[in-house]
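1. just coords:
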Ligand SMILES: Nc1ncnc2c1ncn2[C@@H]1O[C@H](COP(=O)(O)OP(=O)(O)O)[C@@H](O)[C@H]1O
Ligand SMILES: [Mg+2]
């Protein structure tokens, strides 16, 4: 497909949303066509499913059906937002995607992992991220940041899990990066926002050959020459 598909992954409070917004703003300033989206959600139908899952209302269905709900949301999101934007040549930046399903659902006991794999293959239907940025922070730091961010609001279904569960998720994200080094880049999320943003831009250049400056120059010369 003509565009580039970039996903951001990592635990709660690792800085994904902060960095997705920064990167999108920067790429747009340089003249790129950028679509930002997030999971679970990204379309009205998928947002409705997000609400059901994050509220804990679907917990009684059990892990396999919860995985089906996430898959239904993702299929809609891919059909209505991601695939069309990629076909148009946009850079699509998604805040969480299939790795989060692997990490969050696979950590759930009693989930049939082979079932989860089949569901993933069917749902993605040939679409895969060109680059996945995994923001890595110690579980305690992510937990503190997420807590500070929501202030008085209640933690959601996943945020409220114990610290050791967050630590296990971190390990699972790192294991995915190790399994798929061509797709994934692990970036230390502990530093200043600015430094992390620079590391992300370096990964885009290195892995996707995206050079924001070149794009700007090209657009400028197109404008001059009409
Ligand atoms: N590098 C950073 N250093 C300190 N605080 C950060 C950093 N990045 C994000 N934050 C803050 O931490 C909280 C969680 O960040 P957020 O981007 O929402 O994480 P995520 O989307 O991964 O859950 C927010 O309040 C955000 O402003
Ligand atoms: Mg976020």
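-> Everything's here; your move. Everything numeric here is computed off the predicted structure, so don't read it as measured data. Numbers count the residues shown, from 1 in each chain. Ligands and ions are numbered 1, 2, ... in the order given.
2. the residue in the chain positioned nearest to ligand 2: what secondary structure?
-> Taking CB to the ion as the measure, the point where the chain comes nearest ligand 2 is residue 17, at 3.3 Å. C-beta: built from backbone N, CA, C; applies to glycine. Going by DSSP: H, G, I helix; E, B strand; the rest coil, the secondary structure assigned to residue 17 is helix.
3. surely residue 190 touches residue 140?
-> No: Residue 190 is beyond contact range of residue 140, at 10.9 Å (criterion: CB atoms under 8 Å).
4. higher neighbour count, the two?
-> Ranked by neighbour count (other CB atoms under 10 Å), residue 190 and residue 140 place residue 190 first, with 15 against 12.
5. list the contacts of the residue nearest to that one when sequence neighbours are not counted.
-> Closest residue in space to residue 190, ignoring its immediate chain neighbours: residue 137 at 5.5 Å, by CB to CB, 6 or more residues apart in numbering. By CB atoms under 8 Å, 6 or more residues apart in numbering, the contact set of residue 137 is 10, 11, 13, 14, 15, 145, 170, 188, 189, 190.
6. go again with 6 Å.
-> 14, 189, 190 (CB atoms under 6 Å, 6 or more residues apart in numbering).
7. can you check residue 17 too?
-> Counting by CB under 6 Å, 6+ apart, residue 17 has contacts residue 95.
8. out of the contacts of residue 137, which comes closest to residue 201?
-> Distances from residue 201 to these, taken as CB to CB, are shortest for residue 189 (15.0 Å).
9. state the distance from the closest one to residue 164.
-> Spatial separation of residue 189 from residue 164 under the definition CB to CB, to the nearest Å is 19 Å.
10. please apply the same query to residue 125.
-> Between residue 125 and residue 164 the distance, using CB to CB, works out to 35 Å.
11. of residue 189 and residue 164, who's got more company?
-> Residue environment comparison for residue 189 versus residue 164 gives the larger neighbour count to residue 189, 25 against 9, counting by other CB under 10 Å.
12. surely residue 38 meets residue 95?
-> Yes: with contacts counted by CB atoms under 6 Å, residue 38 reaches residue 95, the gap being 3.8 Å.
13. what about this structure, any weak spots by pLDDT?
-> Low-confidence segments of the chain, defined by pLDDT under 70, span residues 107, 157-158, 214-217, 219, 223-226.
14. this protein: strands as residue ranges?
-> Read by DSSP state E, the chain holds these strands, from start to end of the chain: 4-9, 34-38, 91-95, 131-136, 184-188.
15. between those strands, which gets nearest to residue 47?
-> strand 34-38 (9.6 Å).
16. neighbouring strands - and their directions - for the closest one?
-> In its sheet, strand 34-38 lies beside strand 91-95 (parallel), with partners assigned from DSSP bridges.
17. any residue of the strand it pairs with up close to ligand 1?
-> No: judged by CB under 6 Å from any ligand atom, strand 91-95 stays clear of ligand 1, getting no closer than 6.5 Å.
18. spell out which parts of the chain neighbour ligand 2.
-> Taking CB under 5 Å from the ion as the contact definition, the chain meets ligand 2 at 16, 17.
19. give me the most central residue, the chain.
-> Nearest to the mean C-alpha position of the chain, counting by CA atoms, centre = their mean, stands residue 96 at 2.2 Å.
20. okay, now the residue nearest to that residue when sequence neighbours are not counted: neighbour count?
-> What sits nearest to residue 96 in space, not counting adjacent residues and going by CB to CB, 6+ apart, is residue 39, at 4.7 Å. Neighbours of residue 39 under the rule other CB under 10 Å: 20.
21. OK, contacts around the closest residue to residue 80 other than its chain neighbours?
-> Taking CB to CB, 6+ apart as the measure, residue 80 lies nearest to residue 43, with 4.9 Å between them; neighbours along the chain are not counted. The contact partners of residue 43, taken as CB under 6 Å, 6+ apart, are 76, 77, 80.
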